[in-house]
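S.K.: I'd like to go over a predicted model; first the sequence, then the structure.
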Amino acid sequence: MTRFTDKTVLVTGAGSGIGAATAHRFAREGANVVLNGRTREKLEAVARTLDPERTLVHPGDVSDGASAEAMVAATLTRFGRLDVLVNNAGVAPTGPFLEASVEDWRKVMAIDVDGVFFCTRAALPHLLETGGNIVNVSSVSGLGGDWNMSFYNAAKGAVSNLTRSLALELGARGVRVNAVNPSLTFTGLTEGMKDDAALMARFADRIPMGRGAEPEEVADVIAFLASHDARFVTGVNLPVDGGLMASNGQPKQA
């Protein structure tokens, strides 16, 4: 498919995981792709697998407003337009509420929430010009609570509800805003979990499809939501979770 030919897509957190898979998916469909993240080496490794004529590496910290503005400005300088913003950058601290640090709280809010805020504010004037759209990477953790992940739950809950609110505000102005809400996905954030056989068995027991997701499976849904195929879809928090949220939480019965 070539749904994004001559369009420009900006992906934050593009150095690995869902972000890198998303960049590859949009590139395969003809898009100019801007790769943002904090580590230039990771971004350049992804860029080497893409068409250099249609790829821009722009390192930066999304939790800094000036950095977000500079990223969007560089996008416009290189490609002349912006059609899709994928707010993917995030961190996921874990631990009991009273034991997790204030620094962890501030870090997750700065990256997971402020990052979405700053990038959206910087990109929105240009998305209004192109009739573009935003896809936020939230989580099933933004739709319900987890054990010992209260900071992450709070941050992703904010992203999920900001998605809804912006969709209401911007729909009549031609900009759609949606989110994907993955469950367990095998990325750098979950590195090492695959080696815990007991934990993987518990996930397999809870996820009807019996496994976690690969980043490409989330990226494919992001591309759908950003495409013309989803032109009448806005304000959606779409679980990409192998059926996890189909359950009311009760255990399997014989």
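M.R.: Noted; the coordinates are in hand.
S.K.: residue ranges of the strands in the stretch 101-250 of the chain, please?
M.R.: Along the stretch 101-250 of the chain, counting by DSSP state E, counting those that start in this stretch, strands occupy 133-137, 176-182, 237-240.
S.K.: Include mean pLDDT, mean neighbour count and distance to Leu50 when you put those strands into TSV, please.
M.R.: Using the backbone N, CA and C atoms, a C-beta is placed for each residue, glycine as well. Formatted as TSV, the strands of the stretch 101-250 of the chain follow (pLDDT from 0 to 100; neighbours: other Cβ atoms under 10 Å; distance: least, Cβ to Cβ, whole Å):
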stretch	mean pLDDT	mean neighbour count	distance to Leu50
strand 133-137	98	27	19
strand 176-182	98	26	22
strand 237-240	98	20	23
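S.K.: Adding distance to Glu44, write the ones you listed out as CSV.
M.R.: Below are these laid out as CSV (distance: least, Cβ to Cβ, whole Å):
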stretch, distance to Glu44
strand 133-137, 22
strand 176-182, 26
strand 237-240, 28
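S.K.: Among these, which comes closest to Arg164?
M.R.: strand 237-240 (7.3 Å; Cβ to Cβ).
S.K.: List of residues touching that closest one?
M.R.: With contact meaning Cβ atoms under 8 Å, 6 or more residues apart in numbering, strand 237-240 is reached by 138, 140, 142-143, 160, 163-164, 178-183, 213, 217-218, 221, 225, 245.
S.K.: now the helices for this protein?
M.R.: Along the chain, the stretches classed as helices by DSSP state H are 17-28, 40-47, 65-79, 102-108, 115-130, 150-170, 197-206, 215-226.
S.K.: if you compare those helices, which one is most tucked away?
M.R.: Counting by mean count of other Cβ atoms under 10 Å, helix 17-28 has the highest mean neighbour count of those, with a mean of 25.
S.K.: Could you list the residues in contact with that helix?
M.R.: So helix 17-28 is contacted by 4, 9, 11-14, 33, 35, 37, 46, 49-51, 54-55, 84, 86, 88-89, 137, 182, 185, 187-189, 214-216, 218-220, 222-223, 226 (Cβ under 8 Å, 6+ apart).
S.K.: for the stretch 101-250 of the chain, which spans come out with low pLDDT?
M.R.: Across the stretch 101-250 of the chain, nothing is flagged by pLDDT under 70.
S.K.: need the helices of the chain in JSON lines with distance to Gly95, can you?
M.R.: What follows is the helices of the chain, written out as JSON lines (distance: least, Cβ to Cβ, whole Å):
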{"stretch": "helix 17-28", "distance to Gly95": "22"}
{"stretch": "helix 40-47", "distance to Gly95": "26"}
{"stretch": "helix 65-79", "distance to Gly95": "28"}
{"stretch": "helix 102-108", "distance to Gly95": "8"}
{"stretch": "helix 115-130", "distance to Gly95": "21"}
{"stretch": "helix 150-170", "distance to Gly95": "8"}
{"stretch": "helix 197-206", "distance to Gly95": "16"}
{"stretch": "helix 215-226", "distance to Gly95": "25"}
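S.K.: Those: which one's closest to Pro96?
M.R.: Here helix 150-170 is closest among the helices of the chain (Cβ to Cβ), at 8.4 Å.
S.K.: The closest one - contacts with which helices or strands?
M.R.: helix 102-108, helix 115-130, strand 133-137, strand 176-182, strand 237-240 (3 or more Cβ pairs under 8 Å, 6 or more residues apart in numbering; DSSP states H and E).
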